[in-house]
Every structure is written in structure tokens, then in C-alpha cells.
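Novice: What follows is a predicted protein model with its sequence.
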Amino acid sequence: MNTIKQVFENNRKNKKGCLIGYITAGYPTPEITPKIADALIHGGIDILEIGIPFSDPIADGPTIQTASLQALNAGTTPKKVLEIIKEIKTNHDIPLVVMTYYNPIFHFGLDKFLLTAKIHGANGFIIPDLPIEEADDFKQIANTHNLDTIFLAAPSTSKQRLTKIVDATSGFLYLVSHFGVTGTKSTIENSTLQLIQQVKSFTINKIPLAVGFGISKPEHVQEILNSGADAAIVGSAFINIIQKNVSLINMLNELEATAKILKTATMLESY
């Protein structure tokens with residue numbers, strides 16, 4: 001089984017950056033989600049981030065908020081998401097990272113949820129509303145099940161706090177590239193590239209650095225990697241493709257084609 005660490009090491013040896021794709025589980029329906037995963041994986045993403053739909057996704061912009069609401073309306077529950085993960089893992093040897101807020105895990109039962117997630121094929125968790133100061137119980141149980149706990153850093157994170165986050169995170173560090181919420185942007189700002197360079201000095205030789213929020217084009221991926229990131233995270237751009245396509249076949253084809261283009265941008269000759 002490929003772990004998150006192994007994927008980063010393999011790409012580094014092959015002189016490539018990693019492409020991490022995000023999808024909202026259950027959107028547009030639970031039955032279609034594994035097909036969407038298939039398309040992105042066939043397109044070349046290295047790690048798949050799977051969001052558990054939540055009624056109050058504070059870190060997400062309108063695109064993913066809409067996807068979460070529709071997924072909830074389609075009957076998507078945390079238990080159903082774990083079943084989706086199991087189906088994806090049955091067909092693909094790729095790390096699966098669960099993005100969720102803490103409330104669904106708490107109501108499910110922390111130990112029960114993490115154990116079930118591990119059995120179904122999850123490799124790690126991103127929990128935006130779980131600060132490192134309150135994460136000891138989660139990290140302890142996650143470590144028991146060999147699950148990575150991936151923490152986030154933001155432009156406002158102090159150097160002192162960033163050091164603590166780098167020490168606490170496993171798998172990779174998720175760097176939020178700009179203030180605000182998720183969503184596509186037309187350009188990557190110079191301030192984002194400078195931020196990546198600054199944070200890289202804290203993560204180098206310690207933990208891979210992945211950058212998300214606003215990345216949607218090949219040139220974005222190239223700029224992100226050129227500035228020192230080990231991975232680019234793309235979410236809203238994929239969700240937008242799902243939203244605009246009425247035809248399932250067209251949607252899947254476009255998702256795969258887009259992933260291929262973005263993955264090509266991670267290759268050494270592209271930057």
C-alpha cells in the first residue's frame with residue numbers, strides 16, 4: 001500500500017511535485033463519487049483528499065459549500081463516506097486523506113471512527129477546526145492506527161506557532177495560500193510565492209509542504225512548485241467541472257483531462 005510519505009519520496013526521486021486532488025464525497029451523489037475518483041486518479045493525481053460534507057464548512061468558499069449542501073441532501077453521512085473510501089481503495093493504491101470538521105468525528109466516536117477509517121483504507125486526516133493545542137487525543141489514536149494527522153498553517157501563523165505546527169503534523173503540512181476561503185483564482189499573488197519560500201525554511205528536511213486554496217491552472221502549479229512547495233492542492237477547479245456538466249461522461253472525461261494537464265505541470269521539464 002502506498003503511504004503519503006512514500007508518494008512524496010517517489011515523486012522526489014522522479015523529480016516531480018505531487019498533485020493532490022480534492023472532492024466532496026457524495027457530490028453530486030454517493031454513487032457517482034467513486035467514478036469521479038477514478039477519473040482523477042486515471043488523470044494522474046498522487047493523493048486524493050475526500051471531504052465529508054458538513055453543514056457549516058467555515059474554511060470553504062461558495063463552490064465547495066454548495067457541493068457539501070447537495071451531498072447532504074443526497075443522503076451522504078460520515079458512515080457513507082467511509083464506504084465510498086473503501087470502494088475507491090479497492091480499485092486504487094493511492095493515499096486517501098479525509099478532510100472533515102471535528103463535529104462529525106466527535107458524534108461518531110473518535111476511536112470508532114478512526115479505526116473504521118483505517119480499515120476502509122484512509123491514510124490521514126485534515127481537520128481545519130482542530131488546533132494543535134486540542135489535538136492530543138486525536139493524534140494519539142490516529143498514531144495507533146497509523147493515520148497521519150495533517151495540520152494547516154496560514155499567512156497569519158506566527159513563526160513560533162509555525163514551528164509547533166511543523167513538529168506536530170505528519171504526512172505533510174497544508175499551507176493555506178491566502179486569507180479567506182477556498183475557491184479558484186485567476187493568478188497566484190507574489191505574496192503567496194513569498195509565503196511559500198518563508199514556510200519552506202521551516203519544513204525543509206522535516207515534512208513535505210503542500211499548498212492549497214486558489215490553485216486551478218497548470219501555471220499555478222508550476223509557480224507553487226518553483227517557489228519550494230512539494231505539492232499543489234486543487235479542489236474548487238474540479239468541483240466546478242462537476243457542477244457545470246449535466247452529462248456524466250463529459251464530466252468524467254473533463255476531470256481526467258484536467259488532472260492530466262495539471263499533473264504534467266509538476267514535471268521537472270515544465271518548470
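Specialist: Thanks, I have it.

Novice: Count the neighbours of Asp129 for me.
Specialist: Other residues within reach of Asp129, judged by other Cβ atoms under 10 Å, total 15. To be clear about C-beta, it is placed using only N, CA and C from the backbone, and glycine gets the same treatment.

Novice: Against Gln160, how distant is it?
Specialist: 21 Å (Cβ to Cβ, to the nearest Å).

Novice: Count the residues that sit near Ile261.
Specialist: 14.

Novice: That one: what secondary structure?
Specialist: At Ile261 the chain is in helix, as set by DSSP: H, G, I helix; E, B strand; the rest coil.

Novice: Nearest residue to it in space, please, no chain neighbours.
Specialist: Pro218 (5.6 Å; Cβ to Cβ, 6 or more residues apart in numbering).

Novice: and what of Asp46?
Specialist: Cys18 (4.4 Å).

Novice: Name the SS class of Ile45, please.
Specialist: Per three-state DSSP, Ile45 ends up coil.

Novice: leaving aside the residues next to it on the chain, what's closest to it?
Specialist: Gly21 (4.0 Å).

Novice: so that neighbour sits in a helix?
Specialist: No. Using three-state DSSP, the assignment for Gly21 is strand, not a helix.

Novice: My read is that it contacts His42, right?
Specialist: No. With contact defined as Cβ atoms under 8 Å, Gly21 does not reach His42; the gap is 11.4 Å.

Novice: Which helix or strand in the protein has the lowest average pLDDT?
Specialist: helix 62-73 (a mean of 88; mean pLDDT, DSSP states H and E).

Novice: What's the first helix or strand after it?
Specialist: Downstream of helix 62-73, the next assigned helix or strand under DSSP states H and E is helix 78-91.

Novice: Which elements pack onto the following helix or strand past that following helix?
Specialist: As assigned by DSSP H and E, the chain's next helix or strand after helix 78-91 is strand 96-99. Judged by 3 or more Cβ pairs under 8 Å, 6 or more residues apart in numbering; DSSP states H and E, strand 96-99 is in contact with strand 47-51, helix 78-91, strand 124-126.

Novice: per-residue confidence averaged over strand 96-99?
Specialist: Averaged across strand 96-99, the pLDDT comes to 98.

Novice: And the pLDDT at the most centrally placed residue in the chain?
Specialist: In the chain, the residue lying closest to the centroid (Cα atoms, centre = their mean) is Glu49, at 3.7 Å. Reported pLDDT at Glu49 in the predicted model: 97.

Novice: Quick check: the gap between it and Thr192.
Specialist: Where Thr192 is concerned, Glu49 sits at a distance of 19 Å (Cβ to Cβ).
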